[in-house]
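K.L.:
Below are the sequence and a predicted model; questions follow.
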Amino acid sequence: MHSRAYLFFGVLLLCLLPQQFVYGEISDAVIIPSREYRFIYGGIRDLHTVASLGIHTYAFLTDAYYLGLSSKVPDKFEPFAAAIQQTCWSFMLTIWPHEFGHWTRAKQVGGEFVFVKFHFPWPDARMDLPEDIDLFSEALTSVGGFEINNLMRKMIMDDYYSRNYSFANLGVHAFIQQIYYPAYAFIVAPLVSGKWINPEDPHTWIHTMGDPVESIQLSYRNYSGIPVPEEGQGVDPGLAAFYRETLIMSLVWTFIDPGFYEGLRAFGVKMNDNSGYMQPRFFGNDKNAWVYGTMFNATPLGYELYFNNHIRLKGKYFNTSIRYGRPFDNIGISFNMPSVLQTSFFRLGVETGYWYQEPFGHGIMAELRGALSLSEIFGLNLKAGWKSTGYVLGLPIERTAYFQGGIYILANWQ
């Protein structure tokens with residue numbers, strides 16, 4: 001466990017160090033919006049609470065360095081100090097939300113994700129699940145970690161496109177969340193195990209190496225009814241093929257995403273160039289524009305592929321998303337408009353969705369989001385929604401109403 005953590009930490013450091021020596025183009029002076037830090041709570045079983053805390057803790061800590069403390073560091077040491085602090089916070093606020101994703105989903109199915117020992121850089125933990133747990137619920141606890149990483153990225157990118165701006169440190173964090181699954185499957189797991197993960201080797205499924213292998217096995221077993229191979233038995237060809245398919249699609253769906261290249265672009269934007277201010281690239285003009293995005297998501301039903309459309313129509317932003325999943329039949333569509341109604345002190349947004357999922361049938365969800373400004377630097381965030389039974393990223397499985405509330409703080413570091 002620890003070797004995986006140190007390896008991931010080292011890879012992050014190698015990725016982030018060059019950023020500190022690369023200067024992007026310095027654009028004309030722009031009016032830099034205030035930073036916004038949000039803190040929401042929807043209960044101890046709420047994944048959005050974990051994801052929001054991960055994003056905004058990371059944003060505050062990296063902003064505090066780049067926009068405050070970095071000016072105190074001697075120039076010749078600053079690039080190295082910046083790389084180390086960026087790597088530290090990127091690592092800790094990728095790994096720990098990931099672990100609490102397992103913890104939260106375990107709670108939802110009546111189990112426990114037990115932190116045996118807290119230490120740097122990775123906790124010792126174990127999963128204690130009910131003896132009679134079904135394969136779907138067990139798979140849900142396995143994917144819960146990557147689910148948080150995907151949820152954090154989705155929240156950052158949705159804000160980026162809807163507001164038409166973000167900051168480079170958040171772009172970097174979104175990039176790390178996006179590549180975590182394929183990097184784990186293709187790099188970390190093979191290096192730690194000392195060999196390439198061979199899906200045709202029974203030991204791969206008997207002694208699972210990491211969440212991608214385990215969650216793929218559980219979702220496929222649930223779909224096919226074929227048990228884990230025992231010593232000396234061959235591996236079901238369908239399982240081996242599904243493993244390869246999942247990993248290939250995690251790469252393809254990452255590399256065709258314009259948001260992936262926005263994340264790469266963020267590495268070249270210095271935080272002292274307009275405080276790292278970035279604007280997304282759309283096709284069109286200020287009034288009418290469009291860009292697509294993709295997302296790969298590991299689920300207890302297999303994997304999901306999202307195709308998102310970010311649209312500005314007469315200056316008003318909204319997005320639509322369609323998704324397709326395998327091996328269980330899993331299709332869905334959603335519509336999201338963050339600002340249906342907006343005044344100087346209040347904003348109301350709405351999201352609706354429909355899906356068909358083989359184990360659950362047809363399902364719908366609807367959600368209202370409100371933001372109320374109480375002063376120039378402080379306000380409230382509220383969210384209320386309802387969903388029918390089915391899997392939706394970050395939400396409970398059962399038919400339920402859900403609520404979240406919290407605060408936001410605006411800060412101008414200039």
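P.N.:
That came through, no problem.
K.L.:
May I have the secondary structure class of P229?
P.N.:
At P229 the chain is in coil, as set by DSSP: H, G, I helix; E, B strand; the rest coil.
K.L.:
wait, doesn't it sit right on W205?
P.N.:
Yes - taking CB atoms under 8 Å as the definition, P229 is a contact partner of W205 at 5.9 Å. C-beta here means a position set from N, CA and C on the backbone, and glycine is covered the same way.
K.L.:
which residues touch stretch 348-359?
P.N.:
Around stretch 348-359, the neighbours that count as contacts under CB atoms under 8 Å, 6 or more residues apart in numbering are 136, 301, 323, 325, 328-342, 362-370, 385, 390-392.
K.L.:
Do a quick rundown of the strands in the protein.
P.N.:
Taking DSSP state E as the test, the strands found in the chain are 35-41, 112-117, 124-128, 166-167, 277-278, 283-284, 289-299, 302-313, 316-327, 330-342, 346-357, 361-373, 378-387, 400-411.
K.L.:
Identify the contacts common to P229 and W205.
P.N.:
Between them, P229 and W205 share these contacting residues under CB under 8 Å, 6+ apart: V235.
K.L.:
Look up how far T104 lies from I44.
P.N.:
I44 is 8 Å from T104, where distance means CB to CB, to the nearest Å.
K.L.:
T204 too?
P.N.:
On the measure of CB to CB, T204 and T104 end up 28 Å apart.
K.L.:
Those two: which has the busier surroundings?
P.N.:
Residue environment comparison for T204 versus T104 gives the larger neighbour count to T104, 26 against 23, counting by other CB atoms under 10 Å.
K.L.:
Off-centre distance for the top helix by length along the chain?
P.N.:
Scanning the chain for the longest helix, with DSSP state H as the assignment, gives helix 78-108. Per CA atoms, centre = their mean, to the nearest Å, the displacement of helix 78-108 from the mean C-alpha position of its chain is 12 Å.
K.L.:
before we move on, back to that, looking at the strands of the chain, which is nearest to G238?
P.N.:
Proximity of these to G238 was assessed by CB to CB; the nearest stretch is strand 316-327, lying at 8.5 Å.
K.L.:
Report the inter-axis angle for that closest one versus strand 289-299.
P.N.:
Going by axes from the mean of the first three to the mean of the last three CA atoms, to 10 degrees, strand 316-327 is angled at 30 degrees with respect to strand 289-299.
K.L.:
So which other helices or strands are in contact with strand 316-327?
P.N.:
Here strand 316-327 is seen to pack against helix 135-163, helix 211-224, helix 237-255, strand 302-313, strand 330-342 when contacts are counted using 3 or more CB pairs under 8 Å, 6 or more residues apart in numbering; DSSP states H and E.
K.L.:
what's the residue positioned nearest the centre of the chain in contact with, if anything?
P.N.:
Centroid-nearest residue in the chain: N150, 2.2 Å away (criterion: CA atoms, centre = their mean). N150 sits next to 177, 181, 295-298, 393 when contact means CB under 8 Å, 6+ apart.
K.L.:
Then L239?
P.N.:
Contacts here follow CB under 8 Å, 6+ apart; on that basis L239 touches 199, 205, 216-217, 220, 224, 226.
K.L.:
Can you give me the pLDDT of it?
P.N.:
Here the pLDDT value assigned to L239 is 96.
K.L.:
ok, now G234?
P.N.:
Per-residue confidence at G234 stands at 89 (pLDDT).
K.L.:
Extract the residue ranges of the stretch 301-414 of the chain that are flagged as low pLDDT.
P.N.:
Across the stretch 301-414 of the chain, residues meeting the criterion (pLDDT under 70) sit at 414.
K.L.:
And for the stretch 101-250 of the chain?
P.N.:
Flagging of the stretch 101-250 of the chain using pLDDT under 70 yields the residue ranges 119-122.
K.L.:
can we see that at 80?
P.N.:
Residues of the stretch 101-250 of the chain meeting the criterion pLDDT under 80: 117-123, 192-194, 231-232.
K.L.:
I'd guessed A59 sits against G171; true?
P.N.:
No - at 11.2 Å, A59 and G171 do not qualify as touching, with contact defined as CB under 8 Å.
K.L.:
Now do the shared contacts for the two.
P.N.:
In the contact map built from CB under 8 Å, 6+ apart, no residue is linked to both A59 and G171.
K.L.:
wait, what's in contact with W96?
P.N.:
Counting by CB under 8 Å, 6+ apart, W96 makes contact with G54.
K.L.:
Report the separation between it and S70.
P.N.:
With the distance defined as CB to CB, W96 ends up 24 Å from S70.
K.L.:
P229 and W205: which is more packed in?
P.N.:
The residue with more neighbours, out of P229 and W205 and counting by other CB under 10 Å, is W205; that gives 25 against 17.
K.L.:
For that one, list the residues it contacts.
P.N.:
By CB under 8 Å, 6+ apart, the residues touching W205 are 213, 217, 228-229, 235, 239.
K.L.:
quick one: which of those residues is nearest V291?
P.N.:
In terms of CB to CB, no member of the contacts of W205 lies closer to V291 than V213, at 34.1 Å.
K.L.:
Counting neighbours, what do you get for that closest one?
P.N.:
Number of residues near V213 (other CB under 10 Å) recorded here: 22.
K.L.:
Repeat that for E351.
P.N.:
One way to gauge burial is a neighbour count; for E351, by other CB under 10 Å, it gives 20.
K.L.:
Make a ChimeraX selection of the buried ones in the contacts of stretch 348-359.
P.N.:
Of these, the buried ones go into a single ChimeraX selection, burial set by 16 or more other CB atoms under 10 Å:
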select :136,301,323,325,328,330,332,334,336,337,338,339,363,365,367,369,385,390,391,392
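K.L.:
Do I have it right that A266 meets Y160?
P.N.:
No - using CB under 8 Å as the test, A266 is too far from Y160 to be in contact (9.9 Å).
K.L.:
Which residues are in contact with each of those two?
P.N.:
Both A266 and Y160 are contacted by 170-171, 174, 278, under the criterion CB under 8 Å, 6+ apart.
K.L.:
Max pairwise distance over those residues: which two?
P.N.:
Taking CB to CB as the measure, the shared contacts of A266 and Y160 reach their widest spread between A174 and M278, a distance of 11.1 Å.
K.L.:
Now the common contact residues for the two.
P.N.:
160, 266.
K.L.:
Look at these two and report which has more neighbours.
P.N.:
Under the neighbour definition other CB under 10 Å, A174 and M278 were set side by side, and A174 has more, 26 against 20.
K.L.:
Spit out the contact partners of the more buried one.
P.N.:
With contacts defined as CB under 8 Å, 6+ apart, A174 is in contact with 152-153, 156-157, 160, 259, 263, 266.
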